[in-house]
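Visitor: after the sequence you'll find the predicted model.
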2 protein chains.
Amino acid sequence: MRRWMRSPGMSEPPDEFDWIAALRPLTRGHAAALDLKDDAAVLPARPGFDLIVSEDAMVEGVHFLEGEDASIVARRLLRTSLSDLAAKAAEPFGYTLMAAWPARRGWDERMAFIRGLDEDGARYGVALLGGDTVSTPGPLTVSATVYGWVPAGRAVLRSGARPGHALVVCGVVGDGALGLAAARGAHPGGDALAARYRLPEPKFVLREALLAFASASADVSDGLVADAMHLAEASGCGLRIDLAATPLSDEARAWLAGRPRDEALVELATAGDDYALVCASPEGGLLAQASHAWGIPAAVIGAFTASEGLVLTVGGREVAARRLGWRHT
Amino acid sequence: MRRWMRSPGMSEPPDEFDWIAALRPLTRGHAAALDLKDDAAVLPARPGFDLIVSEDAMVEGVHFLEGEDASIVARRLLRTSLSDLAAKAAEPFGYTLMAAWPARRGWDERMAFIRGLDEDGARYGVALLGGDTVSTPGPLTVSATVYGWVPAGRAVLRSGARPGHALVVCGVVGDGALGLAAARGAHPGGDALAARYRLPEPKFVLREALLAFASASADVSDGLVADAMHLAEASGCGLRIDLAATPLSDEARAWLAGRPRDEALVELATAGDDYALVCASPEGGLLAQASHAWGIPAAVIGAFTASEGLVLTVGGREVAARRLGWRHT
């Protein structure tokens, strides 16, 4: 970081020093943060462990609703970023933060943002290590780079799937899209469903299960089918998916009930923002079982293949995949 | 990273895959980047070394001129970010990138941005490790998180200055401000001076000298006096600065010649964007000498003190410091 707040030609109360003082508790005493008194963070090597790094950015009106409460923005940012570490079976410990603030979001909203970071920083055991805060004439734009440890060579990558490995989904699918509709008032699901969109839960409880049973893993942000295909492509495999067994919430089941089932299932499986995990596993049943043991619905919904491309079915019936952008072979 | 480009509800050619393919050469074959095929980067521990992390963000119209060439934006982003690593005596090796693109900057500008990253990535030996690219209705907003190694415990922090240590500046001061004026057409310095603002040079050549002679260090981004005071405050010291010996370019000398010298020197020393280094050193003369040996003008311009606050002079004459925001004792 060069500085925490920069407003060339302006001096506005509260100033940069108040802002850094407000951020300081977010370091949770982590030595690497140097109390936010330096331009950099210093991370000692942890022999025997790899450092996993992932970054996610969000723009107001694009990745979260315009006017969204700043504490929710902060928590959603941390959670969606940390979800990538969870997918790699990493143990999170810190993050750096980029925030570009529009003038119309004042000091109160910045404090709300800090409260959100504080709450979920404590929840997931992650410390603010540094970053950069700037002003912008545009929309609120935030980015978190998150850091976690994994035993050396054990990170669960996208590229480890092999033909014959099961495709396992851990977590429900479709609540991201339905929750976004609820948050917009376009779905009667109300606050509980909207909260699943706003505040997804990174699946860190599955870390040991992933290390034991998963050969590849990613979180569902682009959509179940798209993210499963990311695994297949990074692994040089094809993929069969049957959506009939996809884990769904009660709300998603109710939404499906009034619709043509195959099409509606495809819609949920291509909508994204679920932050379930899609995994490859030579022992899919054991991975699903471990997930259930943590209270996370899971199912084997397909398998990686030696051929190219995707075969997408519901209960054995092929369904149109052209809309997904994948070449159907 | 969750994905490289996200445009909910839109599909625009070229797409996400073209973008990632275009970014891939920027990884320079670094294994940690996983060919940008994953959601994360994997960095093996380097025993005996600390990892130094720093992040800098820039917004169009705030931190670079509106309509600035995208390749210049990319290079300025890398250089200003890497400058923080240079100040810590770190050896850089990689970066993650956040870019929020407005629709009005099309594919050609994105390619220019990549060319800029490629050019300076090669220059400084840094590899793209991951990141996130998003679309924005606002101004072009970019952020780089840069990574470097330093022998364990040897990072040159802000907090290592002690009373009696010399204040040394390595590099000229004031060209950032004059160069910005030149870039805006408000100074007759032309392209050469403007280039010093646009493309500052991180002082990596001074790494060994910093490790040998510096007790504290930071780069000059907020202004020579402000950044020197950051060292003093982080170290619990006071500071005497005499600006008479401040290293200046020929252009800055010419600019000074027509002005009241004391005031004009203070103006240059509080303007920022110079990316010189301000250092504390028990052996200030040796540090300045090493800097000269690399062709970087340097001078001892003050000393850290056991009292609080700042005493600012030019040739022994006290000059007004109230405008700097520092309490003058």
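Guide: Received it, and whenever you're ready, just let me know what you need.

Visitor: how about the secondary structure of A:Leu97?
Guide: What DSSP: H, G, I helix; E, B strand; the rest coil gives for A:Leu97 is strand.

Visitor: where do the helices sit along chain A?
Guide: For chain A, helices defined by DSSP state H occupy the ranges A:16-23, A:70-87, A:107-124, A:175-183, A:190-198, A:207-213, A:224-235, A:250-257, A:261-269, A:284-293.

Visitor: got those as JSON lines, with mean neighbour count and mean pLDDT columns?
Guide: Every residue, glycine included, has its C-beta placed from N, CA and C. Shown next, in JSON lines, are the helices of chain A (neighbours: other C-beta atoms under 10 Å in any protein chain shown; pLDDT from 0 to 100):
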{"stretch": "helix A:16-23", "mean neighbour count": "17", "mean pLDDT": "89"}
{"stretch": "helix A:70-87", "mean neighbour count": "26", "mean pLDDT": "98"}
{"stretch": "helix A:107-124", "mean neighbour count": "18", "mean pLDDT": "97"}
{"stretch": "helix A:175-183", "mean neighbour count": "24", "mean pLDDT": "93"}
{"stretch": "helix A:190-198", "mean neighbour count": "18", "mean pLDDT": "90"}
{"stretch": "helix A:207-213", "mean neighbour count": "20", "mean pLDDT": "98"}
{"stretch": "helix A:224-235", "mean neighbour count": "24", "mean pLDDT": "96"}
{"stretch": "helix A:250-257", "mean neighbour count": "16", "mean pLDDT": "94"}
{"stretch": "helix A:261-269", "mean neighbour count": "20", "mean pLDDT": "93"}
{"stretch": "helix A:284-293", "mean neighbour count": "19", "mean pLDDT": "98"}
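
Visitor: dump those into JSON lines; add distance to chain B as well.
Guide: Below are the helices of chain A laid out as JSON lines (distance: least, C-beta to the nearest C-beta, whole Å):
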{"stretch": "helix A:16-23", "distance to chain B": "9"}
{"stretch": "helix A:70-87", "distance to chain B": "4"}
{"stretch": "helix A:107-124", "distance to chain B": "15"}
{"stretch": "helix A:175-183", "distance to chain B": "10"}
{"stretch": "helix A:190-198", "distance to chain B": "13"}
{"stretch": "helix A:207-213", "distance to chain B": "13"}
{"stretch": "helix A:224-235", "distance to chain B": "5"}
{"stretch": "helix A:250-257", "distance to chain B": "20"}
{"stretch": "helix A:261-269", "distance to chain B": "14"}
{"stretch": "helix A:284-293", "distance to chain B": "19"}
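
Visitor: so which of the ones you listed comes closest to B:Tyr197?
Guide: Evaluated over the helices of chain A, closeness to B:Tyr197 peaks at helix A:16-23, with 22.0 Å, by C-beta to C-beta.

Visitor: ok so, going back, let's have the helices of chain A in TSV, adding distance to B:Asp242.
Guide: Formatted as TSV, the helices of chain A follow (distance: least, C-beta to C-beta, whole Å):
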stretch	distance to B:Asp242
helix A:16-23	26
helix A:70-87	45
helix A:107-124	38
helix A:175-183	59
helix A:190-198	56
helix A:207-213	57
helix A:224-235	59
helix A:250-257	70
helix A:261-269	69
helix A:284-293	67
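
Visitor: nearest to B:Ala99, out of those?
Guide: Per C-beta to C-beta, nearest to B:Ala99 of the helices of chain A: helix A:70-87, 16.2 Å.

Visitor: let me see the domain layout of chain A.
Guide: By the record's domain assignment, chain A is partitioned as A:16-151, A:158-324 (automatic domain parsing).

Visitor: among the ones you listed, which comes closest to B:Leu243?
Guide: Across those, closest to B:Leu243 is domain A:16-151 (C-beta to C-beta), at 22.8 Å.

Visitor: between the two ends of the closest one, what distance do you get?
Guide: Terminal residues of domain A:16-151 lie 38 Å apart, using C-alpha to C-alpha, to the nearest Å.

Visitor: before we move on, the earlier item: who wins for proximity to B:Asp69 among the domains of chain A?
Guide: Nearest to B:Asp69, of all these, is domain A:16-151, at 19.8 Å by C-beta to C-beta.

Visitor: out of the helices of chain A, nearest to B:Met98?
Guide: Closest among these, using C-beta to C-beta: helix A:70-87, at 11.2 Å.

Visitor: residues contacting the nearest residue to A:Leu287 once chain neighbours are set aside?
Guide: Of all residues not flanking A:Leu287 in the chain, A:Phe213 sits nearest, at 4.0 Å (C-beta to C-beta, 6 or more residues apart in numbering or on different chains). Applying C-beta atoms under 8 Å, 6 or more residues apart in numbering or on different chains, we find A:Phe213 in contact with A:Cys279, A:Ser281, A:Pro282, A:Glu283, A:Gly284, A:Leu286, A:Leu287, A:Ala290.

Visitor: rerun that using 7 Å as the cut-off
Guide: A:Ser281, A:Glu283, A:Leu286, A:Leu287, A:Ala290 (C-beta atoms under 7 Å, 6 or more residues apart in numbering or on different chains).

Visitor: which residue packs closest to A:Phe113, ignoring adjacent ones?
Guide: A:Ala70 (4.1 Å).

Visitor: settle this for me: the one you found is touching A:Glu109, isn't it.
Guide: Yes: if you go by C-beta atoms under 7 Å, A:Ala70 and A:Glu109 touch, sitting 4.2 Å apart.

Visitor: show me the contacts for the closest residue to chain B within chain A.
Guide: Residue of chain A nearest chain B, by C-beta to the nearest C-beta: A:Gly138 (2.0 Å). By C-beta under 7 Å, 6+ apart, the contact set of A:Gly138 is A:Pro102, B:Thr136, B:Gly138, B:Pro139, B:Thr141.

Visitor: against A:Ala33, how distant is it?
Guide: Noted for A:Gly138: a distance of 28 Å to A:Ala33, by C-beta to C-beta, to the nearest Å.

Visitor: okay, now the unreliable bits of the stretch 1-150 of chain A?
Guide: A:1-13 (pLDDT under 70).

Visitor: swap the cut-off to 80 and go again
Guide: Confidence mapping of the stretch 1-150 of chain A against pLDDT under 80 gives the ranges A:1-17.
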